[in-house]
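just a sequence and a predicted model for now, questions to come.
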Amino acid sequence: MKKTFSWHFPLSEEKIDEIWKKGLLTVDANVLLDLYRYNVATKDKLLEVLEKFKDRAWLTHQTAFEFFENKTNVIVETQRIFDQILASDEFEELKKNINKLKETLSSTRILSKALTERSISVFEENIEATTNAIREEKEKLPDYLHNDSILEKLALFFDGKIGPEYSKEEKEAQKKIAQERFEKLIPPGFKDEKKNSDEKYGDYFFWHQVLEKSRTEKKDVILVTSERKEDWWEKIHGKIIGPRKELLEEATKIANQVILIYRTEYFLELAVEKLKVDVSAETVEEVKAVRDDNDSCVALLEHNVTKSSDMENSGIIKFSLKREKFKFTCSGHFAPHLSKVPLLDVKLIQSPINLPKYSVHCGTGTQFDFNIHIKSWTYGVPLPAGEYTFEYRASCGEQPAFHLDS
């Protein structure tokens with residue numbers, strides 16, 4: 001049994017240690033892009049750990065392509081965060097509440113004038129100090145748009161270690177295979193099926209290129225990813241318990257090798273033990289927080305179901321985008337669960353003002369939930385923070401009535 005279904009059995013510590021010592025290391029694009037989101041200490045620590053694999057590191061062509069496609073947007077988003085904090089509703093509300101408190105203190109005769117003035121002064125000084133501290137942190141942020149030290153380090157590190165690009169014929173063939181996999185819900189990538197054009201094939205291209213490298217080099221691989229979606233990870237009650245077994249099976253059957261799949265934060269935790277690198281708990285926590293923050297800047301505000309059965313589901317769903325983003329994904333749930341994976345259509349019906357040209361796409365790989373993807377198509381102009389309202393229709397029979405592109 002163990003020989004036939006080896007991917008269902010945990011690896012021995014000896015085998016894991018061997019892979020850490022001799023296996024190839026590869027990462028996905030978001031692992032590299034997150035370097036622009038970390039503070040300096042965390043960025044340097046991750047680069048230090050990657051440096052330990054210098055002779056065994058390798059990037060898929062897909063990773064390099066996605067990195068360059070998204071790098072500028074990530075840098076701009078990071079720079080804007082400081083201004084967004086100062087202009088946020090929460091910060092403005094805090095200043096308003098302090099002004100109201102000042103009025104209350106001033107009108108309270110039982111308090112001495114000296115105490116009132118001293119208290120007001122403390123409040124104003126704290127607001128000013130906080131504002132100045134945020135602005136100082138913004139000034140410390142490197143200007144990666146004009147002097148990209150991260151790019152220079154990565155260029156040296158991965159020099160001569162980038163996989164080949166698909167030929168036109170190869171790419172078309174792999175797109176067909178990916179589409180067949182999406183229809184059968186074979187990971188990875190089916191969660192991205194409704195993304196725009198070739199973007200939806202990104203995860204599959206990445207995985208296929210890793211498998212081919214492992215197979216042709218006859219090498220085990222450590223794969224580090226920032227992905228959290230269900231087409232990479234098995235989840236029980238929302239908790240990740242490990243990589244999808246289908247991925248481990250393909251590594252065994254196609255590459256005839258072992259591929260260890262880690263999220264970035266767990267990779268860093270293991271580096272302490274395997275590489276004898278000093279990685280603080282604060283560094284690991286920031287890596288996790290950056291990814292959680294990137295995933296959680298969208299909040300569900302309201303979900304009104306207008307039609308509900310096990311064959312058809314429709315409704316209005318509203319989300320809050322907490323800060324500007326060039327693209328974001330939001331999720332909803334079918335209630336009740338549908339009898340099978342449905343056809344789905346979504347359109348944006350309300351949004352913040354000054355919305356740039358955009359595209360909306362949707363996807364579902366289950367009977368239980370669905371994803372909505374919205375992306376700015378105006379170069380350098382992000383989607384504004386604010387409320388976004390979508391109308392959706394899901395049907396287990398005919399294609400829903402309206403089209404999703406805007």
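Right, received. Where do you want to start? Given the structure is predicted, the values throughout are model-derived calculations rather than measurements.

what segments of the stretch 201-350 of the chain are strands?
221-225, 233-236, 239-243, 259-263, 298-308, 312-321, 327-333, 343-350 (DSSP state E, counting those that start in this stretch).

now mean neighbour count too, for the ones you listed, in CSV please.
C-betas here are computed from N, CA, C, even on glycine. Below are the strands of the stretch 201-350 of the chain laid out as CSV (neighbours: other CB atoms under 10 Å):
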stretch, mean neighbour count
strand 221-225, 24
strand 233-236, 14
strand 239-243, 13
strand 259-263, 21
strand 298-308, 13
strand 312-321, 19
strand 327-333, 18
strand 343-350, 17
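
nearest to residue 83 among those would be which one?
strand 312-321 (15.6 Å; CB to CB).

packing partners of the closest one?
strand 298-308, strand 327-333, strand 386-395 (3 or more CB pairs under 8 Å, 6 or more residues apart in numbering; DSSP states H and E).

and the contacts of the first one?
I take that to be strand 298-308. Here strand 298-308 makes contact (CB atoms under 8 Å, 6 or more residues apart in numbering) with 313-322, 328-330, 332-333, 335-336, 387, 393.

try the second one
Defining contact as CB under 8 Å, 6+ apart, one finds that strand 327-333 is touched by 297-298, 300, 303, 315, 317, 319, 321, 368-376, 383, 388, 390, 392.

just checking: what are the partner strands of that strand?
Partners of strand 327-333 in the sheet, by DSSP bridges, are strand 369-376 (antiparallel).

now do the first one
According to DSSP bridges, strand 298-308 forms sheet pairs with strand 312-321 (antiparallel).

with just CA atoms, put the partner strand into PDB.
Output of strand 312-321 as PDB, limited to C-alpha atoms (Å, rounded to 0.1, in the frame of the first residue of the first chain):
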ATOM      1  CA  GLU A 312     -30.200  28.300  -8.700                       C
ATOM      2  CA  ASN A 313     -28.900  31.100  -6.500                       C
ATOM      3  CA  SER A 314     -28.700  34.800  -7.000                       C
ATOM      4  CA  GLY A 315     -28.300  37.900  -4.900                       C
ATOM      5  CA  ILE A 316     -26.500  41.200  -4.200                       C
ATOM      6  CA  ILE A 317     -23.200  41.200  -2.300                       C
ATOM      7  CA  LYS A 318     -21.300  44.200  -1.000                       C
ATOM      8  CA  PHE A 319     -17.700  44.500   0.000                       C
ATOM      9  CA  SER A 320     -15.500  47.200   1.500                       C
ATOM     10  CA  LEU A 321     -12.000  47.700   0.000                       C
END
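
for the strands of the stretch 201-350 of the chain, which one sits closest to residue 362?
Evaluated over the strands of the stretch 201-350 of the chain, closeness to residue 362 peaks at strand 343-350, with 4.0 Å, by CB to CB.
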